[in-house]
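A.B. asks: next comes the sequence, and after it the predicted model I'd like to discuss.
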Amino acid sequence: MKKYTLMLILLILPLLAYAFPFRSVEPGKTMPSVQLKKTDGTNFFLSPDAIKGKGLILLFWGADSEAKKRRTIEIMEILNDVAKSNQEIKVAAINAQDCKAEVVDQIAGMVKPVYPFLLDQERNAYNAFGVFVMPSILIVNGQGGILTGFGYSNNIRDKIETQVSVLLGKMSEQEAVENHKLHVATKTTNEEKALQHLTTGLRMDNMGMPDKAKKEYIKAVELFKSAEAYIRLGLIYLEEGDIKEAEKDINEGLSIDADLLIGKIAYAKLCIEKGKFEEVIQELNALTFRAPGNYSVRYTLGLAYEKKGDYKNAVKQYKKAFELLQKEALRR
């Protein structure tokens, strides 16, 4: 067991982000129909036929942490603006995490949504759409076809407003993609310097020099709020046993970019350290479908099983992680 763990720790490499936060639907397909509830207990049937307009923006949200709650409220306020200024576009918010009534009421009271506020108590939407990241947005055209989806990021308003333009026919999907590329490509001087420190930190990490990597990550976040730098810094604190500091930095990174794969893995490792094995195992098993070729996901899942005492499944996941790692090495 220790042999697998040590080998994989030494060879884990930087990870890539993924963008589409749903595992049961995909762009180009028709959205599923689901039965939901309004907050007053009445039924609400969500289906392609019910759109009757230029399109639909769906928000899937949960609030089991302050970071998620903060991101959710920000998106809901943006969607209020969209719904008020674009009558042709439908908007709905779905609580896909079955939050407690007082949490739902608190958020509804703060935001005062002007669109349907729906409850997924039977997890119909959660399963039908395969919600993988929360909060997340799904964009659907007027015929019920899925255009795109994305989780929270620090340019979430730009992303939503760009998709509104696509739904209204003011911008093509290709122009939306180019607009996003232009936004990503435009960096300030501080962003460029922060990226240099992040890159150096990653190199130090891979060379087994966490102390030097830590200094580089700190410099990176001082210059610019980089999601990956925060998360990498949090992982080092986690290795040092500083759970409080690790949690702060990992949550900060996820609040900037909830779609970052390494952020999901870091959060899983944090939960493992806090003894939340069942929750982590469920989430990581789902993550293996979203990132089937990623060895770090398998390694972290193995770690969760090992900490739980399920050594049979732990060895199975460690072996799978090592096989994926070997394939990755052969491709380089």
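C.D. replies: Done, it's in. What you see is a predicted model, and the numbers here were worked out from it, not measured in a lab. Numbering: from 1, shown residues only.

A.B. asks: rest of the way, CA atoms for contacts and neighbours
C.D. replies: Fine.

A.B. asks: next one: stretch 136-152 to chain centre, how far?
C.D. replies: Offset of stretch 136-152 from its chain centre (C-alpha atoms, centre = their mean, to the nearest Å): 15 Å.

A.B. asks: quick one: contacts of that stretch?
C.D. replies: For stretch 136-152, contacts defined as C-alpha atoms under 8 Å, 6 or more residues apart in numbering pick out 19-22, 26-31, 47-49, 51-61, 71, 133-135, 163, 167, 255-259.

A.B. asks: try it again at 7 Å.
C.D. replies: The contact list for stretch 136-152 (C-alpha atoms under 7 Å, 6 or more residues apart in numbering) reads 19-21, 26-31, 48, 51-61, 71, 133-135, 167, 257-259.

A.B. asks: quick one: buried ones out of those?
C.D. replies: Buried by 16 or more other C-alpha atoms under 10 Å: 20-21, 26, 30-31, 48, 51, 53-61, 71, 133-135, 167, 257-259, out of these.

A.B. asks: select from those every entry located in strands.
C.D. replies: 55, 56, 57, 58, 59, 60, 61 (DSSP state E).

A.B. asks: what does the pLDDT read for the third one?
C.D. replies: Reading off the confidence values, residue 57 has pLDDT 97.

A.B. asks: quickly list what it is bridged to.
C.D. replies: In this entry, residue 57 is beta-bridged to residue 91, residue 139, by DSSP bridges.

A.B. asks: mind listing what it touches?
C.D. replies: By C-alpha under 7 Å, 6+ apart, the residues touching residue 57 are 90, 91, 92, 137, 138, 139, 140.

A.B. asks: also residue 281?
C.D. replies: Taking C-alpha under 7 Å, 6+ apart, one finds 301, 304 in contact with residue 281.

A.B. asks: repeat that for 8 Å
C.D. replies: Going by C-alpha under 8 Å, 6+ apart, residue 281 touches 301, 304, 305.

A.B. asks: for it, report the pLDDT, please.
C.D. replies: 90.

A.B. asks: distance check, it against residue 236.
C.D. replies: 22 Å (C-alpha to C-alpha, to the nearest Å).

A.B. asks: give the next helix or strand downstream of the worst-scoring helix or strand of the chain on mean pLDDT.
C.D. replies: Sorting the helices and strands of the chain by mean pLDDT, DSSP states H and E puts helix 2-11 at the bottom, at a mean of 42. Sequence-wise, the next helix or strand downstream of helix 2-11 (DSSP states H and E) is strand 34-38.

A.B. asks: partners of that following strand, with directions?
C.D. replies: Note on strand 34-38: by DSSP bridges, its sheet partners are strand 43-46 (antiparallel), strand 117-119 (antiparallel).

A.B. asks: Throw those into TSV and include mean neighbour count, mean pLDDT and distance to residue 322, thanks.
C.D. replies: Formatted as TSV, the strands paired with strand 34-38 follow (neighbours: other C-alpha atoms under 10 Å; pLDDT from 0 to 100; distance: least, C-alpha to C-alpha, whole Å):
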stretch	mean neighbour count	mean pLDDT	distance to residue 322
strand 43-46	14	95	43
strand 117-119	24	96	41
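
A.B. asks: can you add distance to residue 295 and give those back as a markdown table?
C.D. replies: Below are the strands paired with strand 34-38 laid out as a markdown table (distance: least, C-alpha to C-alpha, whole Å):
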| stretch | distance to residue 295 |
| --- | --- |
| strand 43-46 | 37 |
| strand 117-119 | 35 |
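
A.B. asks: list the contacts for residue 254?
C.D. replies: Contacts were defined as C-alpha under 8 Å, 6+ apart; by that measure residue 254 touches 67, 227, 231, 260, 263.

A.B. asks: for residue 33, see how far away it is.
C.D. replies: Relative to residue 33, residue 254 is positioned 30 Å away (C-alpha to C-alpha).

A.B. asks: again, but for residue 276
C.D. replies: To residue 33, residue 276 is 33 Å away according to C-alpha to C-alpha.

A.B. asks: pLDDT and distance to residue 189 for the contacts of residue 57 - can I get that in CSV?
C.D. replies: Converted to CSV, the contacts of residue 57 look like this (pLDDT from 0 to 100; distance: C-alpha to C-alpha, whole Å):
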residue, pLDDT, distance to residue 189
90, 95, 39
91, 96, 38
92, 97, 39
137, 96, 31
138, 96, 33
139, 96, 33
140, 96, 37
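
A.B. asks: wait, which of those residues is closest to residue 190?
C.D. replies: Nearest to residue 190 among these: residue 137, at 29.5 Å, using C-alpha to C-alpha.

A.B. asks: quick one, what contacts the nearest residue to that closest one once chain neighbours are set aside?
C.D. replies: Distance criterion C-alpha to C-alpha, 6 or more residues apart in numbering; nearest residue to residue 137, sequence neighbours excluded, is residue 59 at 4.8 Å. By C-alpha under 8 Å, 6+ apart, residue 59 lies in contact with 76, 91, 92, 93, 94, 135, 136, 137, 138.

A.B. asks: please pick the buried ones from these.
C.D. replies: 76, 91, 92, 93, 94, 135, 136, 137, 138.
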